[in-house]
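K.L.:
sequence unavailable; structure follows:
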C-alpha cells in the first residue's frame, strides 16, 4: 500500500550536493496543470530536509512567494542553521531560475522524553464508505484528483456548518494517492486544505490562496484514510486564517496545520 | 492608557537605513534577566516590518535559533521579498554580532473585501477581578512581571483541565504593561504563552522552550484585558505543540497564535 517513497511520489531529484535538490513541476503535483500545489512545495522541502539531515520533521512553515509553473523545475537548497545533539533547525529556499518560490523554516529531531499525550478528541464522523466522493468540474490533471476526498458528516448532534461539526468547521476524509503512505510530505499536502474549509464555511462565495503552510507533526502512522478536521478562524481585511487537525482512521492525532490566506470575492472577479 | 508606541515599549531603535533596526536586550524584555523573551523578539520584528513597509502584519512566524542575552544588542534587517498592490511579503533576520537569533517570515497588508466574520466562540470565564494574579518565585526582572496574568476559571460546566475548559485547555486573562496598548507587538508577546499552557496541562512536571512563534492577526482592538485561550495539542518525541487564541475583553477574536516547543522533564532536567 505504501510502495512509493515521498521522493518517488513527488519526483524529487538528488544532485551531487546532498544539500541541493530539484523538483520538476509535473501535472500530478499541480493545480489544474497550471502551477505547483502549495502543499506539494512544502512536501518537497520536508522531504529534502529529512533526507539531508537524516532526522524527522517536527515543525515546518512554508512562506509562498511566487508560483512555480508546470514544466518549470524548482531548485531546493537546504541550509542547516543549528545542528544540536537531538534537534536540527534548518531552512529551505525553493527557486525557479533566480525567482524565489518558497521559503521553509523547520525544526527536526527526536528527543528522549518518557511522555506522550494528546488532548483534542477526534470528531464523530460517518465512515468513508458512507460519504460521497468529491467531484471535479474540470478535465485537467490536478493534485486533488489523486486524492479521494469525502465530506464527513457528523454522527452526533448537528451543530451547524457544512458537516454539522459547528460553525466554521469542516471534516473531510482524505485518502493519499495510490501507493503513497504517511510521511511529513503527505501531512504537508493535507495541511494545505485550510482554503477548502474557508470556502465552504464563508457566508458568501470566496476563493483563496495560501500565504503560508505551517505543519506541526505529532505522529506518522499508516492508515487507509485520514480525517482533515478544519477549523476556520476568521476573515478580516481581505485575509483569512484557520487550523486543520489531521487524524488517522483510528482517531490518533497525526499533525496540526494552520494557514493564512488571501481571500477573494468570487462574484467580483 | 496606550501612551507608549510599540517602539517605545520595546526600545527598538531606528538607523540611517529604514530597513535596519536594533534592539538593546533589556531586563524588562527578558526571562529572569538572562535572555530575550522569545515573543519580544517577534514583537521587535513585527514592529520593524510595520514601520519599514507602512503596512499592518497579517501573519508572521518566528524561528528561534539562539538566545540573545541581556546586555547584548540585536540587529534586525528587514528584507522585502514581494511588494504587491495590497500585500507585502517580507522577512526579518535578527542577529547579535554574526550570530543569528531569530528569522521571521511575514505577510502584511490590507485588501478590499466586504466580508468580515469569525467562527470560534469565546470561552466562558470569570471576570479578571474575580481571578487570582499569577505569582513569581524569583526576584529578577522579567517580561512576565510587567503583565498582570490571572488564571480564568470557567463559569460554565467544569470539563477538566486547570481552568475547567477541558483537557489540554488553559484560559489566562492578561493585561499589557502600563501604557502599552494593542498592536502586532503586543499580540506577538501574548502568542508566546503556549509553553505556559503545556506546562499546566501535562500529566507530569515539564518545562519548555519555543522553537517557533506563529501569529495570525484578525483584529487589533484596544482592551483593558486580553484572554489567552490556550489549547495544547500534544507531546511526542520530546516536542510539544499548541494553539492560543487571543480575545479582547468583549469577546472579539484578535489573533490566533501557535507554537512548537522543546519539552524537558523538570524532574530530570
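P.N.:
Thanks, I have the structure now. Please read these numbers as outputs of a predicted model, since none were measured by experiment. Numbers count the residues shown, from 1 in each chain, chains lettered A, B, ... in the order given.

K.L.:
all contacts plus neighbour counts: C-alpha atoms, from now on.
P.N.:
Will do.

K.L.:
need the residues of the stretch 101-250 of chain A near chain B, please.
P.N.:
Within the stretch 101-250 of chain A, the positions lying close to chain B (Cα under 8 Å from any Cα of the partner chain) are A:105-107, A:110-120, A:167-168, A:202, A:211, A:216, A:218-219, A:232-239, A:241.

K.L.:
again, only using 7 Å
P.N.:
Residues of the stretch 101-250 of chain A lying close to chain B (Cα under 7 Å from any Cα of the partner chain) are A:105, A:110-113, A:115-120, A:167-168, A:216, A:218, A:232-238, A:241.

K.L.:
which among those end up buried?
P.N.:
By neighbour count, with 16 or more other Cα atoms under 10 Å in any protein chain shown, these hold A:105, A:110, A:113, A:115, A:117-120, A:167-168, A:216, A:218, A:232-238, A:241 as buried.

K.L.:
I'd say residue A:240 and residue A:258 touch.
P.N.:
No. Taking Cα atoms under 7 Å as the definition, residue A:240 is not a contact partner of residue A:258, at 10.9 Å.

K.L.:
so which of the residues of the stretch 101-250 of chain A next to chain B sit within strands?
P.N.:
Judged by DSSP state E, the subset of those located in strands is A:105, A:117, A:118, A:216, A:232, A:233, A:234, A:235, A:236, A:241.

K.L.:
identify the bridge partners of the fifth one.
P.N.:
Right, the one you point to is residue A:232. Taking DSSP bridges as the rule, residue A:232 bridges to residue A:242.

K.L.:
who's in contact with it?
P.N.:
A:168, A:169, A:197, A:198, A:241, A:242, A:243, B:119 (Cα atoms under 7 Å, 6 or more residues apart in numbering or on different chains).

K.L.:
ok, the last one to residue B:258 distance?
P.N.:
If you measure residue B:119 against residue B:258 using Cα to Cα, to the nearest Å, the figure is 18 Å.

K.L.:
for the closest residue to chain B within the stretch 151-269 of chain A, give me its contacts.
P.N.:
Residue nearest to chain B within the stretch 151-269 of chain A: residue A:234 (3.9 Å; Cα to the nearest Cα). By Cα under 7 Å, 6+ apart, residue A:234 lies in contact with A:240, A:241, B:117, B:118, B:119, B:218.

K.L.:
the same query, at a cut-off of 6 Å, please.
P.N.:
Residues in contact with residue A:234 (Cα atoms under 6 Å, 6 or more residues apart in numbering or on different chains) are A:240, A:241, B:117, B:118.

K.L.:
residues of the longest helix seen in chain A that come out buried?
P.N.:
Looking across chain A with DSSP state H, the single longest helix is helix A:38-53. For helix A:38-53, the buried set under the neighbour-count rule, 16+ other Cα under 10 Å, comprises A:38-50, A:52-53.

K.L.:
same question for stretch A:155-169.
P.N.:
A:161, A:162, A:163, A:164, A:165, A:166, A:167, A:168, A:169.

K.L.:
and the fifth one, what does it touch?
P.N.:
For residue A:165, the contacting residues are residue A:159, taking Cα under 6 Å, 6+ apart as the criterion.

K.L.:
and it, what pLDDT?
P.N.:
Confidence at residue A:165, expressed as pLDDT, is 98.

K.L.:
hmm, stretch A:76-89 in reach of chain B?
P.N.:
No. If you take Cα under 6 Å from any Cα of the partner chain as the test, stretch A:76-89 misses chain B, and the best it gets is 6.9 Å.

K.L.:
now the end-to-end length of that stretch.
P.N.:
OK, stretch A:76-89 end separation, Cα to Cα: 16 Å.

K.L.:
contacts for that stretch?
P.N.:
Looking at what lies outside stretch A:76-89 - Cα under 6 Å, 6+ apart - the contacts are A:19-22, A:90-94, A:106-111.

K.L.:
identify the farthest-apart pair in those residues.
P.N.:
Within these, A:22 and A:111 form the most distant pair, 30.1 Å apart (Cα to Cα).

K.L.:
returning to what we had before: any chance of the contacts of residue A:232 in JSON lines, with distance to residue B:83 and pLDDT too?
P.N.:
Shown next, in JSON lines, are those (distance: Cα to Cα, whole Å; pLDDT from 0 to 100):
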{"residue": "A:168", "distance to residue B:83": "31", "pLDDT": "97"}
{"residue": "A:169", "distance to residue B:83": "33", "pLDDT": "98"}
{"residue": "A:197", "distance to residue B:83": "27", "pLDDT": "97"}
{"residue": "A:198", "distance to residue B:83": "25", "pLDDT": "97"}
{"residue": "A:241", "distance to residue B:83": "21", "pLDDT": "98"}
{"residue": "A:242", "distance to residue B:83": "24", "pLDDT": "98"}
{"residue": "A:243", "distance to residue B:83": "26", "pLDDT": "98"}
{"residue": "B:119", "distance to residue B:83": "30", "pLDDT": "98"}
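
K.L.:
which among the residues you listed gets closest to residue A:177?
P.N.:
Ranked by distance to residue A:177 (Cα to Cα), the contacts of residue A:232 are led by residue A:197 at 20.8 Å.

K.L.:
residues contacting the closest one?
P.N.:
Here residue A:197 is in contact with A:170, A:230 (criterion: Cα under 6 Å, 6+ apart).

K.L.:
chain center to the host helix or strand of it, what's the gap?
P.N.:
Residue A:197 belongs to helix A:194-201 when assigned by DSSP states H and E. Centre-to-centre, helix A:194-201 and its host chain are 14 Å apart (Cα atoms, centre = their mean, to the nearest Å).

K.L.:
name whatever forms a beta bridge with the closest residue to chain B within the stretch 1-150 of chain A.
P.N.:
The nearest approach of the stretch 1-150 of chain A to chain B comes at residue A:118, 3.9 Å away (Cα to the nearest Cα). The bridge-partner assignment for residue A:118, based on DSSP bridges, gives residue B:234.

K.L.:
what does residue A:83 give?
P.N.:
Bridge pairing for residue A:83 (DSSP bridges) gives the partners residue A:88.

K.L.:
and it, what's its pLDDT?
P.N.:
pLDDT, read off for residue A:83, is 96.

K.L.:
gap between it and residue A:77?
P.N.:
16 Å.
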